[in-house]
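*Asks:* Sequence below, structure please.
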Amino acid sequence: MSCRKPNVVLVITDDQGYPELGCHGNPVIRTPHMDALSSVSVRFDQFHAGPTCAPTRAGILTGHHANSTGVWHTVGGRSLLRANEWTLPLALREAGYRTGLFGKWHLGDEFPYRPQDRGFEETICHGGGGISQSPDWWGNDYFDDTYLANGVPRKFSGYCTDVFFDEGMKFIGRHREEPFFCMIAPNAPHSPFNVPKEYQTIYADSGEPDGYQRFMGMVTNIDDNLGRLRARLCDLGIEENTILAFMSDNGTDGQAWEGRSDPFRAGMRGEKGSEYDGGHRVPFFLHWPGGKFPENKRIDTLAAYVDFMPTVLDLCGVKAPAGRSFHGESLAPLMRGDTGAHWSKRIVVTDSQRVTRPLKWKQSAAMRSTWRLVNGAELYDIAADPGQRSDIAAGHSEIVMELRAGYEAWWKLVSSQFDEEIPIALGKVPVCLNTHDWRNDEGETAWSQGSIRAGKICNGYWEVFVEADGEYEFELRRWPREAGHAVQAGIDGDDIEWRREECWPEAYETFTGGKALAIRTAQLQVTGCDLLECPVDATAQGAVFRVQLKKGPAHVQTRFSGSVDFAIGAFYVYVCTIP
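*Replies:* The predicted structure is shown next:
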């Protein structure tokens, strides 16, 4: 084995789920490279994540339960990873690794939550939770898009997944002589199901609905890129000393199954967002030839997303400093053959919140071995009932009590900071406050560019922290700067170039048209300051306010209103200091 610390490459797909692999029995999908990787890897066959995107990413990059990190939603200011969390890229960077992220981040788009603020040296990523969501560059459609390269907008040629793998492999090539951590996180196969025609064509004769053809095409495109990645590691002569991990972030996106009477579920109940196994059981393969672990080793022991960071640090020989600890634990002992009683007694909890403040027992699963306590009341033994159809709680009261106690301990651990704010910093760097991160009681946001185009009536406030006393400029906009439209303007037809023939028809409204709004007045309210108001000119792209702010926490709320009875928040607010 090389004396150099091993490289780490993580490929994490978005909404693929457990069933969408050939090696898991899917009779239609083509994933030869994923299947081949599975056959030479240590495979954790009971690996559980969060049921949605951002929570899983928070857990794998901190080793902490997502709810405790502040990430229990995908929007509403609760996909921001608390600034005091110690992340895997930061830990590895402190240990001498080069670190890069290529693709989806979804843990904050503004300082101090950006990937470059959390330990990644090189970043190429889209905004928000997916391409064409409201924080993303205006007009991105998965093809020839503009992404943020180390925080700077840059246009790339090609399909999104191909770009993220290409850039990840360039990073690997540049740092092949030193240890590196490369996270390749395609936003595929997350909706909208936009895919190169040649990949949808693969499934044209499958008899499957259009959406599932597209979804499978996106997965097969990822598969081809995974094959290219493995070949590149071999060509560079570094496969032996590279830990290659593959996983999905949550269960299959149920939109992909629409129109299918009996989709392949690998015997499970549930899909993305569900508290049943289909919502959070995901593939997890770990391949490291130099680690001398058995190839094609299947481990059925219960494991979880919070185990990823401690496992990687253990395998890399990186010790956590004093004061740093994990909710998960290293899986390396299991990989080495440890079958001690500890593992069978371990209780793992996951839940799906997607609310402004977590609710106890909401869409929860407390798990031990093959037992599943769902929502604190239903009990299933997946060894006998993998589809979780027969609730046997009445006959196993002692198991129910044990799992409820495990959940109670977990809840006490994760709930201690629920009421703490997670503010965006004003004053360090220019920021764009985006509707994606609005806080409100209803959890309503205009989270997609389609919602922006439709002029969705909603509002909220942002939690901020003013870093220094001074004068600040706030520019309130309905459209982002790069769109270039007036606040009142509608859009007739196309304002961007987009691949209509390769985009999912159900998402066309994301890329074309836009409702005009009769906005006449703009208002800005910052905690501790007077309410400010100004008229909005018909040709103006924004309304600008200058405000004297004091250092400290605050809330920012805006309002656009018109001559008719409507009012909305400014979807985009650009904030900077005035010298």
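*Asks:* drop to CA atoms for contacts and neighbour counts, all remaining ones
*Replies:* OK.
*Asks:* Next, the buried residues of the longest helix along the chain.
*Replies:* Longest helix in the chain by number of residues, with DSSP state H as the criterion: helix 210-235. Residues 210-229, 232-233 are the ones in helix 210-235 that count as buried (16 or more other C-alpha atoms under 10 Å).
*Asks:* need the helix or strand of this protein with the lowest average pLDDT.
*Replies:* None of the helices or strands of the chain scores lower by mean pLDDT, DSSP states H and E than helix 341-345, at a mean of 91.
*Asks:* Identify the residues contacting it?
*Replies:* With contacts defined as C-alpha atoms under 8 Å, 6 or more residues apart in numbering, helix 341-345 is touched by 301, 302, 368, 369.
*Asks:* and the last one, how many neighbours?
*Replies:* What it means is residue 369. When counting by other C-alpha atoms under 10 Å, one arrives at 19 neighbours for residue 369.
*Asks:* before we move on, which element is residue 545 in?
*Replies:* Assigned by DSSP states H and E, residue 545 belongs to strand 543-549.
*Asks:* could you dump the next helix or strand after that strand to CSV, C-alpha only?
*Replies:* The first helix or strand that comes after strand 543-549 along the chain, using DSSP H and E, is strand 552-562. These are the backbone C-alpha positions of strand 552-562, laid out as CSV (Å, rounded to 0.1, in the frame of the first residue of the first chain):
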residue,chain,number,x,y,z
GLY,A,552,-25.7,42.8,14.8
PRO,A,553,-28.5,40.5,13.9
ALA,A,554,-31.5,41.7,11.8
HIS,A,555,-34.3,40.7,9.6
VAL,A,556,-34.8,42.1,6.1
GLN,A,557,-38.2,42.2,4.4
THR,A,558,-39.3,43.8,1.1
ARG,A,559,-42.5,44.5,-0.6
PHE,A,560,-43.5,45.4,-4.2
SER,A,561,-47.1,46.6,-4.5
GLY,A,562,-49.2,48.1,-7.3
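*Asks:* how big is the angle separating strand 552-562 from strand 543-549?
*Replies:* 160 degrees (axes from the mean of the first three to the mean of the last three C-alpha atoms, to 10 degrees).
*Asks:* How far does strand 552-562 sit from its chain's centre?
*Replies:* The chain centroid and the centroid of strand 552-562 are separated by 27 Å under C-alpha atoms, centre = their mean, to the nearest Å.
*Asks:* And what about residue 520, helix, strand or coil?
*Replies:* Following DSSP: H, G, I helix; E, B strand; the rest coil, we place residue 520 in the strand state.
*Asks:* Tell me the spacing between the nearest residue to it once chain neighbours are set aside and residue 517.
*Replies:* The shortest distance from residue 520 to any non-neighbouring residue, by C-alpha to C-alpha, 6 or more residues apart in numbering, is to residue 562 (4.6 Å). Residue 562 sits 8 Å away from residue 517, taking C-alpha to C-alpha, to the nearest Å as the criterion.
*Asks:* Comparing the two, which residue is more hemmed in?
*Replies:* residue 517 (20 against 17).
*Asks:* For residue 134, give me its contacts.
*Replies:* Taking C-alpha under 8 Å, 6+ apart, we find residue 134 in contact with 127, 128, 434, 435, 436, 446, 447, 448, 449, 452.
*Asks:* What of residue 82?
*Replies:* 69, 70, 113, 422.
*Asks:* picking up where we left off before, what's downstream of the least confident helix or strand of the chain, the next helix or strand?
*Replies:* strand 347-351.
*Asks:* Can you list the strands that that following strand pairs with?
*Replies:* Using DSSP bridges, the strands paired with strand 347-351 are strand 364-368 (antiparallel).
*Asks:* Check which helices and strands whichever helix or strand comes after the strand it pairs with sits against.
*Replies:* Sequence-wise, the next helix or strand downstream of strand 364-368 (DSSP H and E) is strand 371-374. If you count contacts as 3 or more C-alpha pairs under 8 Å, 6 or more residues apart in numbering; DSSP states H and E, strand 371-374 packs onto strand 364-368, strand 378-381, helix 397-414.
*Asks:* of those, which approaches residue 536 most closely?
*Replies:* Among those, helix 397-414 comes nearest to residue 536, with 44.9 Å by C-alpha to C-alpha.
*Asks:* partner strands of the following helix or strand past the closest one, parallel or antiparallel?
*Replies:* From helix 397-414 onward toward the C-terminus, using DSSP H and E, the following helix or strand is strand 424-426. Paired strands of strand 424-426, with direction, are strand 461-466 (parallel) (DSSP bridges).
*Asks:* average pLDDT across the strand it pairs with?
*Replies:* Computed over strand 461-466, the mean pLDDT rounds to 98.
*Asks:* can you check stretch 561-575 too?
*Replies:* pLDDT averaged over stretch 561-575 gives 91.
*Asks:* Serialize the contacts of helix 341-345 to TSV and add fields for distance to residue 93.
*Replies:* Shown next, in TSV, are those (distance: C-alpha to C-alpha, whole Å):
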residue	distance to residue 93
301	31
302	30
368	34
369	35
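*Asks:* out of those residues, who's nearest residue 482?
*Replies:* Using C-alpha to C-alpha, those come closest to residue 482 at residue 302, 46.9 Å.
*Asks:* rewinding a little: out of the contacts of residue 82, who's the most crowded?
*Replies:* Counting neighbours by other C-alpha under 10 Å, residue 70 leads the contacts of residue 82 with 28 neighbours.
*Asks:* Run through the residues that contact that one.
*Replies:* For residue 70, the contacting residues are 78, 79, 80, 81, 82, 417, 418, 422, by C-alpha under 8 Å, 6+ apart.
*Asks:* Near the spatially closest residue to residue 451 that is not a sequence neighbour, how many other residues are there?
*Replies:* Once flanking residues are discounted, residue 451 sits nearest to residue 510: 7.7 Å by C-alpha to C-alpha, 6+ apart. When neighbours are defined as other C-alpha under 10 Å, residue 510 has 21 of them.
*Asks:* isn't residue 510 right up against residue 447?
*Replies:* No: here residue 510 does not reach residue 447: they are 11.2 Å apart, not a contact under C-alpha atoms under 8 Å.
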